[in-house]
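>>> Following is a predicted model, sequence given first.
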Amino acid sequence: MENQGIKKDYSCEYFNPEVETLSIEAIRELQLKRLKETVAHCMNSPFYKKRFEEAGLSVDDIKTLDDIRKIPFTTKADLRDTYPFGIASVPLEKCTRLHSSSGTTGNPTVILHTDKDIDEWANQVARNLWMVGLRPTDIFQNSSGYGMFTGGLGFQFGAEKMGMLTVPAAAGNSLRQIKFIKDFGTTAIHAVPSYLTRLKEVMDQEGVDPRKDTKLKVFAIGAEPHSEEQRKRIENMFGVKAYNSFGMSEMCGPGVGFECKEQQGLHFWEDYYIVEIVDPETLEPVPDGEIGELVLTSIRREAMPLLRYRTRDLTRVLGHTCACGRNHVRIDRMKGRSDDMMVLKGVNIFPIQIEKILMQYPELASNYLITLTTDADNDNMTVEVELAEPLAEENHQKLLKAVTRALKDEILLTPIVKLVQKGTLPVSEGKAVRVVDKRTVYN
Ligand code: ADP
Ligand code: ZN
């Protein structure tokens, strides 16, 4: 069924034609087969063996896809409690790599890979890059952190498997990035979206026009939440199509979900994952179209498959078919992570709601920072955003008012808005830090 070799027929739209174009029924059949195999394999993991025993569940209880709901959820806490290797379903000697997520509190989470896992992961990424029109004739620059962060090696192996000439530029050093783009004729870049806006600022300073002076045509952007407005802004800045890429280290890394050329949500690869969206409170499934927590089961991994992993990412199902001919489920861009949600004066706010408004003003640059403080027992939100160009006082005041108003309409609270000069706010090389919570009493 798999077609993992480098394809020679460049006119074919699919990297794995047979799997990518399966009917919905065929996908479900394959998923059930792989779910059963995965559950059986997980019994090699002392962690899952115990979980199943505690739940009074045996491998034979999984007869239909709906039976997945009998399986207990796995959480980030489980990964931390079993740190570093406690969930593995294979002996360590079969593993050839580990990655780890940042882990802001306590133990980081460690994810093990066998050779086969790495190969399948590369296949997923290769499939994505092919899907958006890249071919072995393209030159791919990976401007993402390497090392423990999966965006580096994940895209590296995927782009190589697809057969592109790859430039492992890694993150940062924009002047060097621009030199590579020009000298090597880079046609595609993978980066976090916040970095691309920074790169454009440096191009402007250097007098480089991406439309005239480069061959760029495709961006893969992901690893952090970003709004549709941010995407459009990046596309317009460079004259380059930007495709949303979703991944998480627990599931492998990048390659889990990716937009096709239709840009109507991300195709999550259902031959690799079973996708559920559940109500984060009741943990019951929500109907298609409704926002809930994304729960993923990896059904193709060897070293460390995770069953019903609660991602904490909030999103919804957009559909099961697509004009591109793929019937792998289409998932909406992430609204944010449940732990990114700010509760201010009883109102729930996601950073992306603020971003969506800010990005609508061409007078504003792309870097912004939300700070939450407690002042005289009152919780306040300050939104600092950089100006694209310095403004005359009168225009500054006008813009300030308009932005404050628009933010209030969106989040139903009036934040303190500060329009600051370009280059004032911190820039991070990896995922952007958008919120600083300095409140003394948390809601
Ligand atoms: P961590 O952020 O915990 O260090 P990962 O690098 O594995 O670990 O990050 C995975 C998380 O990054 C996802 O759960 C999701 O919250 C976020 N993420 C990844 N890709 C996207 C995307 N395209 N849009 C929004 N959020 C994303
Ligand atoms: Zn599609």
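That came through, no problem. Ligands and ions are numbered 1, 2, ... in the order given.

>>> From ligand 2, how far out is the closest residue in space to Thr187 that isn't next to it in sequence?
In this structure, Thr187 finds its nearest non-sequential neighbour in Asp138, 4.6 Å apart by C-beta to C-beta, 6 or more residues apart in numbering. To be clear about C-beta, it is placed using only N, CA and C from the backbone, and glycine gets the same treatment. Applying C-beta to the ion, to the nearest Å, the value for Asp138 to ligand 2 is 20 Å.

>>> 46 is where my numbering starts, stick with that
Let's use 46 as the start, then, which means that last one is Asp183.

>>> For Asp183, grab phi and psi.
phi -80, psi 160 (degrees, to the nearest 10).

>>> Tell me who's in contact with it.
Counting by C-beta atoms under 8 Å, 6 or more residues apart in numbering, Asp183 touches 209-210, 232-233, 263.

>>> Any regions of this structure where pLDDT drops low?
46-52, 147-151, 486-488 (pLDDT under 70).

>>> what ranges do the helices span in it?
62-65, 69-87, 91-99, 121-126, 160-176, 195-207, 219-229, 238-250, 255-258, 273-283, 396-403, 438-456 (DSSP state H).

>>> Thr66 is in contact with Arg371, correct?
Yes - if you go by C-beta atoms under 8 Å, Arg371 and Thr66 touch, sitting 6.6 Å apart.

>>> neighbour count winner among these two?
Arg371 (24 against 15; other C-beta atoms under 10 Å).

>>> Quick check: residues of the chain near ligand 2?
305, 307, 367, 369, 371 (C-beta under 5 Å from the ion).

>>> May I have the strands that pair with the longest strand anywhere in the chain, each with its orientation?
For the chain, the strand that runs over the most residues, judged by DSSP state E, is strand 409-420. Paired neighbours of strand 409-420 in the sheet (DSSP bridges): strand 423-432 (antiparallel), strand 480-482 (parallel).

>>> For those, give me TSV that also has distance to ligand 1 and mean neighbour count.
Shown next, in TSV, are those (distance: least, C-beta to the nearest ligand atom, whole Å; neighbours: other C-beta atoms under 10 Å):
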stretch	distance to ligand 1	mean neighbour count
strand 423-432	20	19
strand 480-482	14	14
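
>>> Please report how far the residue nearest to Thr232 lies from ligand 1.
21 Å (C-beta to the nearest ligand atom, to the nearest Å).

>>> Same question for Ala216.
13 Å.

>>> For Gly230, see how far away the residue nearest to Asp333 when sequence neighbours are not counted is.
Nearest residue to Asp333, sequence neighbours excluded (C-beta to C-beta, 6+ apart): Val362, at 4.2 Å. Between Val362 and Gly230 the computed distance is 39 Å (C-beta to C-beta, to the nearest Å).

>>> go on, Thr242?
In terms of C-beta to C-beta, Thr242 sits 23 Å off from Gly230.

>>> Check Leu311 too.
Leu311 is 29 Å from Gly230, by C-beta to C-beta.

>>> of these two, who's got more company?
Taking neighbours as other C-beta under 10 Å, Leu311 and Gly230 compare with Leu311 leading, 26 against 13.

>>> Report the beta-bridge partner residues of the more buried one.
Bridge pairing for Leu311 - DSSP bridges - gives Glu304, Ile376.

>>> who's in contact with it?
Contacts of Leu311 (C-beta under 8 Å, 6+ apart): 289-291, 302-304, 375-378.

>>> For the stretch 96-245 of the chain, which residue gets nearest to ligand 2?
Met176 (7.7 Å; C-beta to the ion).

>>> Skipping adjacent residues, who's closest to that residue in space?
In space, Met176 is closest to Cys305, 5.2 Å off (C-beta to C-beta, 6+ apart).

>>> so that neighbour makes contact with His312?
Yes - judged on C-beta under 8 Å, Cys305 makes contact with His312 at a distance of 5.9 Å.

>>> shared neighbours of these two, which are they?
Joint contacts of Cys305 and His312 (C-beta under 8 Å, 6+ apart) are 176, 367, 371.

>>> Give me the nearest residue to Phe291, chain neighbours excluded.
Gly302 (3.9 Å).

>>> Count the neighbours of that neighbour for me.
30.

>>> what do you get for Asp254?
Other residues close to Asp254 by other C-beta under 10 Å number 11.

>>> got the contact list for the residue positioned nearest the centre of the chain?
Nearest residue to the geometric centre of the chain (C-alpha atoms, centre = their mean): Phe291, 3.0 Å. Applying C-beta under 8 Å, 6+ apart to Phe291 gives the contacts 267, 299, 301-303, 311, 313, 376, 379.
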